[in-house]
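*Asks:* sequence unknown, structure follows:
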């Protein structure tokens, strides 16, 4: 069979799609994020590197990595860890597992969405209408907050819907932090007050730096029994700007001494308030009266039924407070209008089922066509065309880095389904009405294909915007699929059938 | 000989055949009108539209019936279903749908199961009331706009009123009949289900367009022959679609609620499409073609 121009185009696009998908067979584990303040980060290890071995042991899967790390830290004390990545070897001495998040190496460039690989998705609505630039500010501050908190695999973007409402869409891949809701929507308006005067607020204008990840000036200190459970207190140091320090001097200068404490403290407390709730009240020692102090110790506590729980709560509250003090408050009150946390547990099985459903459907359709037309070549061409369509959609999705989520997958399945319909139009047109020539008949068939394409295309367009873009995936994969169909696969299929008929 | 008698019968009675879809349509519209008056909406909706929570728990050992009884006391509106593995058929977990918030339902499940729900053992999807109503309105609007755009394309391409109208009517009836059947089955539509109704617009017009184009554009053989040819092609098209969707539905049936609902709705819609294309649209077209002497 002569390979026509249109068939050549199909072949070239197929090859390009496969290049875009780029299957890889590399073994190892991928570093998905590195804690900025960790020892390993100081050694220069970077996100995106691939770990091949640890302490001489070969690492080819996440299980290997977990096993090796567990065996290294099965005993207490400082350990030497040699991490060999594709590029080089990093050596660190540490008494805890390296602060990196590892994940599977993706086998292809196809990116799967949260529905498959797990993660969290939150749609957040501000309490007032925002302009585009206000929304951008909000996104910047939120991104910063996630970074400071130590979550790097996060995507935040503004979305709007058909009625012009603006939302912030937050997507976090992998494990979901337990206090995600606070992190996303808490306004984080921090104030330190004496009486009703503000001494300083959160954010880098008043606070020049916050001590964290340094045990000498930050940490959970002591735990004591409290109301049938436990309470652990934390403290960390912050450094104030000159201006804020001066404010402190002016306000404390006018305060008297507290007689009950024998004059050791001033008669007013420094009250720490987060989103209109009191975090803690700190006594101010009399020596600070009228002083422009730049160094302040922030304290608080966490409670729990057991000591471990209280400790963990105190640690997480501290981390949270530090984050808010560094990043400052969000300019708007936010409401989480949709929050999905998807477990990665069934992801692999889901992919398997989708592939099974897709393959079984295409093969079944091929069989029907074989039985109906009794032409092996034509059925094979139909199968081939359907599979090429699938590859082109996946290739294009990989190229534009589209995350394949559940709506996207539904879109792909639907497109392959309608694609088959149109191929049958072509096949039938070729077989029947042999009075007119095959070229004319193919033209007739392609007219139907084109009309069906236009109706489907226009029907899909509104879906692109509806529902804050959460169904965009469906519209995107379907539009890619039907467009590839009408421009590339169907004309090629028509040529294949024409050549078979001639 | 049988062929000619068949055609003879069809030639005589094709206009009467139109009564079937017409009566169905009238009854459907009356039904929907009453349904709307009673329920305040044309369809029944699930928590992804009304607002609420879906929690999937991956626990193979839970006795779903026992949990169902416990749940129905505390959360009377809740729905529970099992999730099972296609390869082994074994239970892999279950999911609970309720109008309650995650904060309300999660402690109940945790105390029943005796462990904490984390992302390792569960997925949670929550839609707030405010969002869900606006989502739903927009999706409805999207379906309506999609339908109108489809109608415009059909009119622009065929440029004749009756045939274009027949295509659009057929798509309209596909959606109406599907909604009526879903209502009769007490089917609670999710957002995915509404997207499926939108997909139905695209799926269902394929056969109508093919039929119309065969009747109007080609005049090489007799009208009845053209219709018979189109019928063969069209039934193969719909059959392949139905088989492909039925297989996919069977595979994901106990796994993904969203896809299960989408495929079920498509399957129902395609079933109605056979009636609407080959009885309603075909008869209107034949009537038109004979009146215009396109035979």
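*Replies:* Noted; the coordinates are in hand. Fair warning: this is a prediction, and the values are worked out from it, not measured in the lab.
*Asks:* Helices of the stretch 51-200 of chain B, residue ranges please.
*Replies:* Counting by DSSP state H, counting those that start in this stretch, the segments of the stretch 51-200 of chain B that form helices are B:64-74, B:102-113, B:129-158, B:161-184, B:191-217.
*Asks:* If you count contacts, what does the second one end up packed against?
*Replies:* So the one you mean is helix B:102-113. The contact analysis (3 or more CB pairs under 8 Å, 6 or more residues apart in numbering or on different chains; DSSP states H and E) places helix B:102-113 against strand B:52-57, helix B:64-74, strand B:91-98, strand B:122-127. No exception for glycine: its C-beta is placed from N, CA and C like everyone else's.
*Asks:* among these, which is nearest chain A?
*Replies:* Comparing these by their distance to chain A (CB to the nearest CB), the top pick is strand B:122-127, with 4.3 Å.
*Asks:* What helices and strands are in contact with that closest one?
*Replies:* Using 3+ CB pairs under 8 Å, 6+ apart, the elements in contact with strand B:122-127 are strand A:334-342, helix B:47-50, strand B:52-57, helix B:102-113.
*Asks:* do that again at 10 Å, thanks
*Replies:* Counting contacts by 3 or more CB pairs under 10 Å, 6 or more residues apart in numbering or on different chains; DSSP states H and E, strand B:122-127 is packed against helix A:114-117, strand A:119-126, strand A:334-342, helix B:47-50, strand B:52-57, strand B:91-98, helix B:102-113.
*Asks:* any chance of these in CSV, plus distance to residue A:242, mean neighbour count and mean pLDDT?
*Replies:* Listed next are the helices and strands packed on strand B:122-127 as CSV, based on distance: least, CB to CB, whole Å; neighbours: other CB atoms under 10 Å in any protein chain shown; pLDDT from 0 to 100:
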stretch, distance to residue A:242, mean neighbour count, mean pLDDT
helix A:114-117, 46, 23, 79
strand A:119-126, 34, 23, 86
strand A:334-342, 33, 21, 85
helix B:47-50, 54, 22, 82
strand B:52-57, 50, 24, 88
strand B:91-98, 55, 21, 85
helix B:102-113, 44, 16, 86
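*Asks:* Reformat these as a markdown table; add distance to residue A:35.
*Replies:* Listed next are the helices and strands packed on strand B:122-127 as a markdown table, based on distance: least, CB to CB, whole Å:
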| stretch | distance to residue A:35 |
| --- | --- |
| helix A:114-117 | 22 |
| strand A:119-126 | 19 |
| strand A:334-342 | 22 |
| helix B:47-50 | 36 |
| strand B:52-57 | 31 |
| strand B:91-98 | 33 |
| helix B:102-113 | 29 |
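*Asks:* Can you check which of the ones you listed gets nearest to residue A:382?
*Replies:* Of all these, helix A:114-117 sits nearest to residue A:382, with 28.7 Å by CB to CB.
*Asks:* close to chain B, is stretch A:460-477?
*Replies:* Yes: contact of stretch A:460-477 with chain B (CB under 10 Å from any CB of the partner chain) involves A:460-468, A:470-471, A:474-475.
*Asks:* actually stretch A:128-141, sorry about that
*Replies:* No: residues of stretch A:128-141 contacting chain B under CB under 10 Å from any CB: none, with a closest distance of 14.0 Å.
*Asks:* can you give me the mean pLDDT across that stretch?
*Replies:* For stretch A:128-141, the mean pLDDT works out to 84.
*Asks:* so how far is stretch A:24-44 off the chain centroid?
*Replies:* Mean C-alpha position of stretch A:24-44 versus that of the full chain (CA atoms, centre = their mean, to the nearest Å) differs by 17 Å.
*Asks:* How is chain A divided into domains?
*Replies:* Per the record, chain A has its domains at A:5-23+A:344-501, A:29-104, A:119-185, A:190-329, by automatic domain parsing.
*Asks:* Make TSV from those and add distance to residue B:116 to it.
*Replies:* Below are the domains of chain A laid out as TSV (distance: least, CB to CB, whole Å):
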stretch	distance to residue B:116
domain A:5-23+A:344-501	15
domain A:29-104	21
domain A:119-185	10
domain A:190-329	12
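*Asks:* just those domains: most buried one?
*Replies:* The highest mean neighbour count among these, using mean count of other CB atoms under 10 Å in any protein chain shown, belongs to domain A:5-23+A:344-501: a mean of 21.
*Asks:* chain center to that domain: distance?
*Replies:* Between the mean C-alpha location of domain A:5-23+A:344-501 and the chain-wide mean there is a distance of 30 Å, by CA atoms, centre = their mean.
*Asks:* Just the endpoints, please. Distance across it?
*Replies:* This stretch, domain A:5-23+A:344-501, spans 18 Å end to end (CA to CA, to the nearest Å).
*Asks:* Give the next helix or strand downstream of the helix or strand bottoming out on mean pLDDT in chain B.
*Replies:* In chain B, no helix or strand scores lower on mean pLDDT, DSSP states H and E than helix B:2-17, which sits at a mean of 70. For helix B:2-17, the succeeding helix or strand toward the C-terminus, using DSSP states H and E, is helix B:19-39.
*Asks:* now that following helix and helix B:161-184, what's the angle there?
*Replies:* 50 degrees (axes from the mean of the first three to the mean of the last three CA atoms, to 10 degrees).
*Asks:* other SSEs contacting helix B:19-39?
*Replies:* Counting contacts by 3+ CB pairs under 10 Å, 6+ apart, helix B:19-39 is packed against helix B:161-184, helix B:257-275, helix B:282-291.
*Asks:* what's it in contact with?
*Replies:* Applying CB atoms under 10 Å, 6 or more residues apart in numbering or on different chains, the contact partners of helix B:19-39 are B:41-45, B:169-170, B:172-173, B:176-181, B:183-184, B:272, B:275-276, B:279-281, B:283-284.
*Asks:* please redo it, this time with the cut-off set to 7 Å
*Replies:* For helix B:19-39, contacts defined as CB atoms under 7 Å, 6 or more residues apart in numbering or on different chains pick out B:42, B:173, B:176-177, B:179-180, B:183, B:275-276, B:279-280.
*Asks:* I'd like the distance from it to the chain centre, please.
*Replies:* Put simply, helix B:19-39 sits 17 Å off its chain's centre (CA atoms, centre = their mean).
*Asks:* That helix - what's its average pLDDT?
*Replies:* Throughout helix B:19-39, pLDDT has a mean value of 95.
*Asks:* can you state the direction angle for it and helix B:282-291?
*Replies:* Computed with the same axes, to 10 degrees, the direction of helix B:19-39 lies at 130 degrees from that of helix B:282-291.
*Asks:* Tell me the buried residues in helix B:19-39?
*Replies:* Burial within helix B:19-39, assessed by neighbour count using 16 or more other CB atoms under 10 Å in any protein chain shown, is assigned to B:21, B:24-25, B:28, B:32, B:35.
*Asks:* Out of the helices of the stretch 51-200 of chain B, which is the most enclosed?
*Replies:* Scoring those by mean count of other CB under 10 Å, the most buried comes out as helix B:191-217, with a mean of 25.
*Asks:* So that helix, near chain A or not?
*Replies:* Yes: residues of helix B:191-217 contacting chain A under CB under 7 Å from any CB of the partner chain: B:191, B:195, B:198-199, B:201-203, B:205-206, B:209-210, B:213, B:217.
*Asks:* Packing partners of that helix?
*Replies:* Judged by 3 or more CB pairs under 7 Å, 6 or more residues apart in numbering or on different chains; DSSP states H and E, helix B:191-217 is in contact with helix A:406-431, helix A:438-465, helix B:129-158, helix B:161-184, helix B:223-252, helix B:257-275, helix B:282-291.
*Asks:* quick revisit: distance to residue A:20 added to the helices of the stretch 51-200 of chain B, as CSV?
*Replies:* Below are those laid out as CSV (distance: least, CB to CB, whole Å):
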stretch, distance to residue A:20
helix B:64-74, 44
helix B:102-113, 39
helix B:129-158, 30
helix B:161-184, 35
helix B:191-217, 26
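*Asks:* which bits of the stretch 1-150 of chain B sit near chain A?
*Replies:* Proximity of the stretch 1-150 of chain B to chain A, by CB under 7 Å from any CB, involves residues B:58, B:86, B:119-128, B:130-131, B:134-135, B:138-139, B:141-142, B:145-146, B:149-150.
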